[in-house]
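Undergrad: no sequence for this one, just the structure:
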């Protein structure tokens, strides 16, 4: 037995969102079975009692229970209780909340004289952030996805790219979002693997990656009895649309990796349709760069996110 080889038998988070979107569409009641986890130091707002654990049973009061002073590992209240403690500490320490999670036009660069960090701790923190973004596109605790019951179930997608965004290797960043009706199901902000020599090329590579996700969703949704053809994909580059719809490989595009050209084949088969959309209404813009507050809030609302307090 290889004890270093691990595997987590869990579904992709997109599969869970597909199911929840379908449940909202059909007005189903969803019951959740939770495996309780995490966080020990949160302060409980309500009284919670637990049985005496084996090995710590009081001989004088064997039938009594323990009243918890703090959150216990595995309690459902533990994550929120710890968040409240952490938020209060940060505010008391002088931290201030910002309206948007990123500063506009900020550019990251290598710190050549910086202190080396522990790879394990760094990957652990990145993993925690990745876990948060599974349900939180804008990395903000007090907001959640809002799935409307009567918003239809049509599959649509948006794709966008920011050419040569990374000034270190000049690779572009791209983002894509996929909806079922008005229900946001999938999103993906990433840096492209290749260096694009033009804005058109970066947009073309982005829409190819977006359609790969759409193709996976089409296959998954057949299990729910939905069969989609001519799935609309919106992006803000007429030049990239022209390349995607042209069966001819021009001299300006023949250098692009062949794996990105599969979108041409699916366009000819009619499984997708490409549409131009103005940058103002490009919902994937949120995943390519930092944005002003007004623009950020506009896109957050259009993505179907709302405050839990409302």
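TA: Sure, I can see it. These figures come from a predicted structure and were not determined experimentally.
Undergrad: helices along the protein, start to end?
TA: For the chain, applying DSSP state H gives helices covering 13-26, 78-92, 119-132, 199-221, 238-245, 262-269, 293-302.
Undergrad: relative to its centroid, which residue of the protein is most remote?
TA: Relative to the centre of the chain, and counting by CA atoms, centre = their mean, the farthest-placed residue is residue 60 at 52.3 Å.
Undergrad: who touches stretch 197-212?
TA: Applying CB atoms under 8 Å, 6 or more residues apart in numbering, the contact partners of stretch 197-212 are 157-164, 172, 174-176, 178, 188, 190, 192, 194, 196, 233, 235-237, 239-240, 243-244, 253, 256, 259-263, 266, 272, 274, 284. (C-beta placed from N, C-alpha, C; glycine too.)
Undergrad: show the average pLDDT along it.
TA: Stretch 197-212 carries an average pLDDT of 86.
Undergrad: so, low pLDDT: which residues of the stretch 1-150 of the chain?
TA: 1-10, 33-45, 71-80, 82, 98-108, 110, 122, 126-127, 129-150 (pLDDT under 70).
Undergrad: what's around residue 271, how many residues?
TA: Number of residues near residue 271 (other CB atoms under 10 Å) recorded here: 17.
Undergrad: one more: residue 305?
TA: Applying other CB under 10 Å, we find 18 residues neighbouring residue 305.
Undergrad: beta partners for it?
TA: Beta-bridge pairing of residue 305 under DSSP bridges involves residue 145.
Undergrad: tell me how far it lies from residue 174.
TA: Here residue 305 is placed at a distance of 21 Å from residue 174 (CB to CB, to the nearest Å).
Undergrad: can you check residue 87 too?
TA: Relative to residue 174, and taking CB to CB, residue 87 is found at 33 Å.
Undergrad: over to residue 13?
TA: 20 Å.
Undergrad: which one's more surrounded, those two?
TA: A direct count of neighbours by other CB under 10 Å for residue 13 and residue 174 places residue 174 higher, at 29 against 14.
Undergrad: tell me how far the closest residue to the more buried one other than its chain neighbours lies from residue 55.
TA: Once flanking residues are discounted, residue 174 sits nearest to residue 206: 3.6 Å by CB to CB, 6 or more residues apart in numbering. Separation of residue 206 from residue 55 (CB to CB): 57 Å.
Undergrad: which one of these two is surrounded by more residues?
TA: residue 206 (30 against 5).
Undergrad: relative to residue 159, how far out is that one?
TA: Distance from residue 206 to residue 159, by CB to CB: 5 Å.
Undergrad: joint contacts of those two?
TA: With CB under 8 Å, 6+ apart as the test, residue 206 and residue 159 both reach 174-176, 235.
Undergrad: for residue 227, see how far away residue 290 is.
TA: Residue 290 is 39 Å from residue 227, by CB to CB.
Undergrad: my bad, should have said residue 267
TA: Taking CB to CB, one finds residue 267 at 18 Å from residue 227.
Undergrad: ok, residue 93 next?
TA: 55 Å.
Undergrad: for residue 49, same thing?
TA: Residue 49 is 52 Å from residue 227, by CB to CB.
Undergrad: for the closest residue to residue 286 other than its chain neighbours, give its distance to residue 189.
TA: Ranked by CB to CB, 6+ apart and with sequence neighbours excluded, the top spatial neighbour of residue 286 is residue 299, at 4.4 Å. Going from residue 299 to residue 189 by CB to CB gives 13 Å.
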